[in-house]
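**Q** Let's see this in three dimensions:
(one chain, ligands or ions: 3)
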Amino acid sequence: MAEKITICGGKLVVPNNPILPFIEGDGTGPDIWRASVRVFDAAVEKAYGGSKKIEWLEVLAGEKAFNKVGSWLPDETLTAFKEYLVGIKGPLTTPIGGGIRSLNVALRQELDLYVCQRPVRYFNGIESPVKRPDLVDMVIFRENTEDIYAGIEFEFGSEDVAKLKDFLKREFPAKFKKIRFPESCGIGVKPVSKEGTQRLVRSAIEYAVSQGRKSVTLVHKGNIMKFTEGAFRDWGYEVALKEFGAEKIDGGPWCRLPNGIVVKDVIADAFLQQILTRPAEYDVVATLNLNGDYISDALAAQVGGIGIAPGANINYVSGHAIFEATHGTAPKYANLDKVNPGSLILSGEMMFRYLGWNEAADLLVKGLEGAIGARTVTYDLARLIPNSTELKCSEFADAVIAKM
Ligand SMILES: NC(=O)C1=CN([C@@H]2O[C@H](COP(=O)(O)OP(=O)(O)OC[C@H]3O[C@@H](n4cnc5c(N)ncnc54)[C@H](OP(=O)(O)O)[C@@H]3O)[C@@H](O)[C@H]2O)C=CC1
Ligand SMILES: O=C(O)CCC(=O)C(=O)O
Ligand SMILES: [Mg+2]
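**A** Ligands and ions are numbered 1, 2, ... in the order given. Got it, this is the predicted structure:
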């Protein structure tokens with residue numbers, strides 16, 4: 001009988017037939033979902049011989065939801081993710097400039113999924129744009145609920161931005177003078193809190209400890225944005241020192257945990273050049289929301305692109321989690337059965353590990369490594385792998401299943 005996943009004493013209780021809500025997604029989402037769900041079911045069947053099975057529950061969001069029920073993000077969808085704890089989603093479109101705000105961000109904020117966890121690793125056989133993609137083995141912990149993604153923006157020409165400018169002019173005249181074109185600007189606000197920073201950094205360090213990683217790097221732009229990004233760095237070190245018994249190295253601020261894990265920091269622009277030139281120096285990365293968004297795509301490109309870039313949005317306290325690829329809806333490829341389902345498949349791998357279904361997770365990796373190793377890949381990897389055979393999205397799913 002299908003049952004809900006629950007949490008007890010901070011540990012997930014996963015039945016053999018868990019109900020997992022999923023959102024198909026916009027654009028290429030349906031193609032990718034159809035391919036991935038077959039791979040997930042095949043992995044579970046092969047790993048557990050019928051003793052475990054997922055009961056998939058479709059919930060609506062995005063264009064499909066709007067067309068069917070007139071809402072972009074129906075309450076029932078949020079309720080399902082709250083109730084069933086763990087789910088998975090395809091990408092959802094966010095218009096640029098005007099229109100609705102991001103549904104992806106809304107889900108993260110509504111469910112308080114404060115960690116956006118994105119592992120980046122190399123698969124043998126892919127020729128990436130860099131010489132040593134195999135040196136990239138990082139896990140990004142991106143803060144997922146605040147920063148400029150909180151969406152506190154005031155549109156140029158609106159009554160609200162006029163009110164805000166009046167307030168700044170009156171209360172903070174020196175700061176207001178620094179606005180270069182006060183008459184013609186919109187304004188965005190960047191909230192970064194101690195609480196939000198510390199729960200993110202705590203999760204990153206706990207992950208590093210549990211997985212035996214070498215270091216945690218706090219990536220920030222604290223030289224320029226001192227009280228947001230700079231504070232992120234300081235509050236991050238505070239967690240390492242006060243909660244994990246770290247000791248400062250040569251007077252700090254770098255520090256070392258009793259088990260040898262180094263907690264260090266780097267300014268974001270330097271980080272983006274060093275991941276190209278010295279990737280082996282970075283391991284677990286903890287960073288703010290916008291930096292994490294840029295870093296995810298940049299690192300994905302280093303190992304073969306966004307077609308194999310998985311992710312998860314997790315609240316490590318409540319247990320709520322929604323797994324999703326790093327990439328978006330790639331609308332030009334919608335319904336062509338063309339794009340790589342690898343990112344969603346690997347997001348499923350993360351999900352299975354989160355559920356404790358490591359055998360099924362291992363099969364997903366085996367299948368993906370097998371298909372890539374045999375040079376039977378979708379268009380994106382075919383561009384990078386000499387003498388490869390280009391497969392459709394659905395055919396790639398078959399190839400992964402065949403190699404499990
Ligand atoms: N979490 C989410 O739901 C996210 C949603 N979005 C949304 O998606 C929409 C489109 O965003 P856009 O900036 O174009 O970014 P996308 O990630 O959707 O696409 C950019 C490029 O990445 C490559 N790509 C994307 N997905 C795949 C895949 N599965 N396999 C292989 N290659 C892939 C394609 O490259 P090429 O052209 O080289 O073939 C594509 O043109 C926007 O509305 C955005 O807001 C964006 C990111 C995350
Ligand atoms: O919400 C969106 O449309 C974009 C989100 C995004 O780029 C990301 O989470 O990496
Ligand atoms: Mg992104």
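**Q** Counting by contacts, list what the longest helix that the chain contains packs against.
**A** Using DSSP state H, we find that the single longest helix of the chain is helix 29-48. Helices and strands touching helix 29-48, as assessed by 3 or more CB pairs under 8 Å, 6 or more residues apart in numbering; DSSP states H and E, comprise strand 19-23, helix 342-355, helix 358-373, helix 393-402. Quick note: C-beta positions are derived from backbone N, CA and C, even for glycine.
**Q** Let's have the ones you listed in TSV, adding distance to residue 201 and mean pLDDT.
**A** Formatted as TSV, the helices and strands packed on helix 29-48 follow (distance: least, CB to CB, whole Å; pLDDT from 0 to 100):
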stretch	distance to residue 201	mean pLDDT
strand 19-23	29	98
helix 342-355	20	98
helix 358-373	26	98
helix 393-402	35	98
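**Q** Which helix or strand contains the residue of the stretch 251-400 of the chain found nearest ligand 2?
**A** In the stretch 251-400 of the chain, no residue comes nearer to ligand 2 than residue 293, which is 4.7 Å away by CB to the nearest ligand atom. Element membership for residue 293 (DSSP states H and E) is helix 289-302.
**Q** Need the CA coordinates for that helix. CSV is fine.
**A** Output in CSV follows, covering the C-alpha atoms of helix 289-302 (Å, rounded to 0.1, in the frame of the first residue of the first chain):
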residue,chain,number,x,y,z
ASN,A,289,22.0,32.7,-3.5
LEU,A,290,23.0,34.8,-6.5
ASN,A,291,26.7,33.7,-6.4
GLY,A,292,25.5,30.1,-6.1
ASP,A,293,23.3,30.4,-9.2
TYR,A,294,26.2,31.7,-11.3
ILE,A,295,28.7,29.2,-9.9
SER,A,296,26.4,26.2,-10.5
ASP,A,297,26.2,26.8,-14.3
ALA,A,298,29.9,27.8,-14.6
LEU,A,299,31.0,24.6,-12.8
ALA,A,300,28.5,22.5,-14.8
ALA,A,301,30.1,23.8,-18.0
GLN,A,302,33.5,22.7,-16.8
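**Q** Tell me what angle that helix forms with helix 342-355.
**A** Taking axes from the mean of the first three to the mean of the last three CA atoms, to 10 degrees, one finds helix 289-302 and helix 342-355 inclined to each other by 120 degrees.
**Q** So what's the gap between helix 289-302 and the chain middle?
**A** Relative to the centre of its chain, helix 289-302 is centred 9 Å away, using CA atoms, centre = their mean, to the nearest Å.
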